[in-house]
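S.K.: sequence below, structure please.
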Amino acid sequence: MARRVASLWLPRFATDRIHRLEPGLEGAPVAVAATLGNSRLVLAANAAAEAGGVGAGLALADARALTPQLTVVEHDPTAERRLLLRLARWTERYTPWTQVDHVEEGAGAGLWLEVTGCAHLFGGEAALLEDLIRRLGRQGFAAKAAIADTPGAASALARYSGAQERIAPEGGARESLAELPVAALRLGSADADGLARLGFKRIGDLYSLPRAALARRFGARTLQRLDQALGRAEESIAPARPETPLRAHRLFAEPIAAAETIAAVLKRLLADLKPLLEREGLGVRRLELACHRVDDTLQGVEIGTSRPVRDPDHLFRLFALKLERIDPGFGIEALALIARRAEPMGARQLGLEARAAAADGAGDLAGLVDRLQGRLGVEAVRRLDPCDSHWPERAQAAVPVFAPASAAAWTEAVRPPLLLARPEPIEALAILPDAPPSQFRWRRRLHRVRAAEGPERIAPEWWRDPVSRTRDYYRVEDEEGRRFWLFREGLYGEAGNPRWWMQG
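M.R.: Numbers count the residues shown, from 1 in each chain. Next comes the predicted model:
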């Protein structure tokens, strides 16, 4: 199967973003400006501003003189990049492999889509491009698109062919690019101008030039761009965000909206995903259900697992906790199940009896942890792991349930079941300097001590905190039967008065 790449070009991306934020500016002249060096320049202008003579590269003062009613918006590259990444995510409805095309500020924005083997799902390449441009138009973006054998050829056709949609036949990149300007090869302006001054204005003019002479005169970059466009040099497309290629999806002839229908389709998608995971020897750790609505918005819910899992029933139970969050709007026309994180999953013995071979993860600790995390959140379910420290507040840490055990060992000393996140100061009264307190006040309440045990002395960790002091810990019980674990920081006779603290 020949490789096919689609290039999406958004020539007015910067101003289209402004119109989406401020619909009231539709039809009014708008320009995006930035300070470059000591000059205020126009980076992009919408159609109304261009009709008044305002264009990219024009000084802002001159632009205001040409169009006094011009609305000027400051360039926000961070917001533009964020929106472009969201669009790259949205185009995953056509293919899982999308990449942001490199563009210069003020020159529009673009995306590449690896559509090899995908076009037939949308009725062919022409239908795919038509659907893509139509949906982007509904979102407020002016767009052009092209499909060719290479990213370079598709990018050149989308930007310079003049047609809103252009498809180069398989193996036809050489003929399709011949009449385009040399700037379509993604060359720097200096290289493109240098070629034009010598009479090489079209890409086809470069075909007959000796390769060594072309590289010697205009640099290896020019030759590389030509080879990439013609398919003689490899140019790969990396996804906008790293992910495993494991996914299952469904397109619907009619939009769906009922919760029962969404759940039924989800079960089929999970069943489709399982053999893909088995073939790779993987289990999912993070799984996303992406819902493409008819209004061209994207919704999704995501689940996580404590261990690699591929059992459809267990995964569905985790999704069932979150399906009610999906708002189908006027309907969902496509569902995609994407393994955002997958890890190797080795074989394990479930048991010798038939009933012990229950669904993977459904009856063991991992299944319980997954369900708790689904309801309470991933950060809410943790276990305690020992740390290398003598001080109680440093001697343990909350870690994921199935994280590898640390090399540290738990202390053999008796510790209360509940420790405060950090010690709280108390007012205590002791009869003798090294005796336990006879009474203390904590959180404005007075406690009289009936029984006490201790002290347990813990030396300071001078290598971590040079100003730390020795602690004497006591287990005490007040007259109402409440038990506390408190300590005195510092020794009598040392510099500074000792202080009392509540620990647990």
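
S.K.: give the buried residues for the lowest-mean-pLDDT helix or strand in the chain.
M.R.: Using mean pLDDT, DSSP states H and E, the weakest-scoring helix or strand in the chain turns out to be helix 365-376, at a mean of 77. If you call a residue buried by 16 or more other Cβ atoms under 10 Å, then helix 365-376 has these buried ones: 366-367, 369-371, 373-374. The way it works is simple: take the backbone N, C-alpha and C, and place the C-beta from them, glycine included.

S.K.: where along the stretch 251-400 of the chain do the strands fall?
M.R.: For the stretch 251-400 of the chain, the strands defined by DSSP state E, counting those that start in this stretch cover 282-293, 298-309, 332-344, 383-386, 396-399.

S.K.: so, low pLDDT: which residues of the chain?
M.R.: For the chain, applying pLDDT under 70 flags the ranges 102-107, 239-245, 346-364.

S.K.: what's the domain layout of it?
M.R.: Domain ranges of the chain: 5-230, 247-356, 385-504, per automatic domain parsing.

S.K.: which of those domains is buried the deepest?
M.R.: domain 5-230 (a mean of 18; mean count of other Cβ atoms under 10 Å).

S.K.: tell me how far it is from the chain's mean position?
M.R.: In this view, domain 5-230 has its centroid 25 Å away from the chain centroid, taken as Cα atoms, centre = their mean, to the nearest Å.

S.K.: how about the helices of the stretch 151-300 of the chain, start to end?
M.R.: Secondary structure of the stretch 151-300 of the chain by DSSP state H, counting those that start in this stretch: the helices cover 151-160, 173-177, 189-197, 211-218, 220-230, 259-280.

S.K.: dump those to TSV, plus distance to residue 434.
M.R.: Shown next, in TSV, are the helices of the stretch 151-300 of the chain (distance: least, Cβ to Cβ, whole Å):
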stretch	distance to residue 434
helix 151-160	78
helix 173-177	88
helix 189-197	82
helix 211-218	86
helix 220-230	79
helix 259-280	63
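
S.K.: how about these, which one is nearest residue 333?
M.R.: Nearest of the helices of the stretch 151-300 of the chain to residue 333, taken as Cβ to Cβ: helix 259-280 at 11.7 Å.

S.K.: what is that closest one packed up against?
M.R.: Applying 3 or more Cβ pairs under 8 Å, 6 or more residues apart in numbering; DSSP states H and E, we find helix 259-280 packed against strand 247-256, strand 282-293, helix 312-320, strand 332-344.

S.K.: relative to strand 247-256, how tilted is that helix?
M.R.: Going by axes from the mean of the first three to the mean of the last three Cα atoms, to 10 degrees, helix 259-280 is angled at 160 degrees with respect to strand 247-256.

S.K.: to residue 46, which of the helices of the stretch 151-300 of the chain lies closest?
M.R.: helix 151-160 (18.4 Å).

S.K.: which elements pack onto that closest one?
M.R.: Going by 3+ Cβ pairs under 8 Å, 6+ apart, helix 151-160 lies up against strand 5-10, strand 109-114, strand 144-148, helix 173-177, helix 220-230.

S.K.: mind putting the domains of the chain into a markdown table with distance to residue 238?
M.R.: A markdown table is the format used below for those (distance: least, Cβ to Cβ, whole Å):
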| stretch | distance to residue 238 |
| --- | --- |
| domain 5-230 | 6 |
| domain 247-356 | 16 |
| domain 385-504 | 29 |
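
S.K.: looking at those, which is nearest to residue 378?
M.R.: Closest of those to residue 378 is domain 247-356, at 5.7 Å (criterion: Cβ to Cβ).

S.K.: as a markdown table, the helices and strands packed on helix 259-280 with distance to residue 143 would be great.
M.R.: Formatted as a markdown table, the helices and strands packed on helix 259-280 follow (distance: least, Cβ to Cβ, whole Å):
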| stretch | distance to residue 143 |
| --- | --- |
| strand 247-256 | 21 |
| strand 282-293 | 18 |
| helix 312-320 | 34 |
| strand 332-344 | 20 |
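
S.K.: so which of those gets nearest residue 183?
M.R.: The closest of those to residue 183 is strand 282-293. By Cβ to Cβ, the value is 35.6 Å.

S.K.: each with direction, which strands does that closest one pair with?
M.R.: Using DSSP bridges, strand 282-293 pairs in its sheet with strand 298-309 (antiparallel), strand 332-344 (antiparallel).
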